[in-house]
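>>> got a predicted structure plus its sequence, pasted below:
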Amino acid sequence: EVQLVESGGGLVQAGGSLRLSCTASGFTFDDYAIGWFRQAPGKEREGVSCISSSDGSTYYADSVKGRFTISSDNAKNTVYLQMNSLKPEDTAVYYCAATSAIPGDWSAYDYWGQGTQVTVSS
């Protein structure tokens, strides 16, 4: 059974940091890319960042570039999203997802976690 489990969300003040974790099981981790998405109330889900487990290539949305860093520990089947300089507009439910297709194709993600809430207070 494929599972993606996120953790690390919480409440933080603007300017603070959080690190999200996504631990995967049930598929060959090295054959997939892992992406982080977020959805704020009343807004569409958007892709935030992704990483290829095979070659480590990464991608960031413009809104988080320079503030967020994605990384992967293949030995632990875990992807991290380090979020620094958080802003109130980063408040959302953050989801991780997996795809065997091109990492930057946000529509191609097949497997999803349950999400973790990130709230940034001003």
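Cool, the structure landed. Just so we're clear, the structure is a prediction, and the values are computed from it rather than from any experiment.

>>> that's a strand at Leu86, yeah?
No. Applying DSSP: H, G, I helix; E, B strand; the rest coil, one finds Leu86 to be coil, outside a strand.

>>> please tell me how far it sits from Arg67.
Distance of Leu86 to Arg67, given as C-beta to C-beta, to the nearest Å: 8 Å. To be clear about C-beta, it is placed using only N, CA and C from the backbone, and glycine gets the same treatment.

>>> which one of those two has more residues nearby?
Shown here are Leu86 and Arg67; by other C-beta atoms under 10 Å, Leu86 has more neighbours (22 against 15).

>>> give the contact list for that one.
Leu86 is in contact with Val12, Ala14, Gly15, Gly16, Ser17, Leu18, Arg67, Val118, Val120, counting by C-beta atoms under 8 Å, 6 or more residues apart in numbering.

>>> could you identify the buried members of these?
Val12, Leu18, Val118, Val120 (16 or more other C-beta atoms under 10 Å).

>>> nearest to Arg38 among the contacts of Leu86?
Val118 (7.5 Å; C-beta to C-beta).

>>> doesn't the closest one lie inside a strand?
Yes. Assigned with three-state DSSP, Val118 falls within a strand.

>>> before we move on, back to that, possible to save the buried ones among the contacts of Leu86 as JSON lines with distance to Gly42 and pLDDT?
Listed next are these as JSON lines, based on distance: C-beta to C-beta, whole Å; pLDDT from 0 to 100:
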{"residue": "Val12", "distance to Gly42": "21", "pLDDT": "98"}
{"residue": "Leu18", "distance to Gly42": "22", "pLDDT": "98"}
{"residue": "Val118", "distance to Gly42": "16", "pLDDT": "98"}
{"residue": "Val120", "distance to Gly42": "17", "pLDDT": "98"}
